[in-house]
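Student: What follows is a predicted protein model with its sequence.
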Amino acid sequence: MEEQVEGALNDMSGRLQQVGLTLASVVKVDILLRDVWDIPVMEQVFKRRFQGKYPARKTISTEFAHVGGPDGLKVQIDGVAYRPRA
C-alpha cells in the first residue's frame, strides 16, 4: 500500500512539475481506497510528502480495484492544484 501511495504522489508530482507546480500547490485530493484500514499508511505517506501542509481531502472506500487479486490496485489519488496569479 505504501508503495502505491508513493507512486501515485510521484506521478502527481511529475505532472505538476510539467506546469511549474509542486505538491505544495495541491489544495484538494480525492482518494479512492480499496480498504479503509489502509488510511493510517496513507496518512504516514502524506505527512512525509506534504510536510504538514495538507490539502483538503475526501477519502472513499470502493471496490473499484478488485480486479488483479490481492496485489492489485489499492489506491487512486486525484488532485486539484492552485497557482496564484502573479
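Tutor: Looks like it arrived, so ask away.

Student: check contacts around the most centrally placed residue in the chain.
Tutor: In the chain, the residue lying closest to the centroid (Cα atoms, centre = their mean) is Ile77, at 4.0 Å. For Ile77, the set of contacting residues under the criterion of Cβ atoms under 8 Å, 6 or more residues apart in numbering consists of Val5, Ala8, Leu9, Met12, Val29, Asp30, Ile31, Leu32. C-betas here are computed from N, CA, C, even on glycine.

Student: ok, 10 Å please
Tutor: Residues in contact with Ile77 (Cβ atoms under 10 Å, 6 or more residues apart in numbering) are 4-5, 7-9, 11-12, 26, 29-33, 42, 46, 57, 59.

Student: Could you tell me which residues within the helix or strand hosting Pro40 count as buried?
Tutor: Take DSSP states H and E as the rule and Pro40 turns out to sit in helix 39-50. Along helix 39-50, the positions that meet the burial threshold by neighbour count (16 or more other Cβ atoms under 10 Å) are Val41, Met42, Val45, Phe46, Arg49.

Student: how about the fourth one, what does it touch?
Tutor: Spelled out, that is Phe46. Taking Cβ under 10 Å, 6+ apart as the definition, contacts of Phe46 comprise Val5, Leu9, Leu23, Val29, Ile31, Gly52, Tyr54, Pro55, Arg57, Ile77.

Student: Then the second one?
Tutor: Shown here is Met42, whose contacts under the criterion Cβ under 10 Å, 6+ apart are 1-2, 4-5, 8-9, 31, 33, 36, 57, 59, 74-75, 77.
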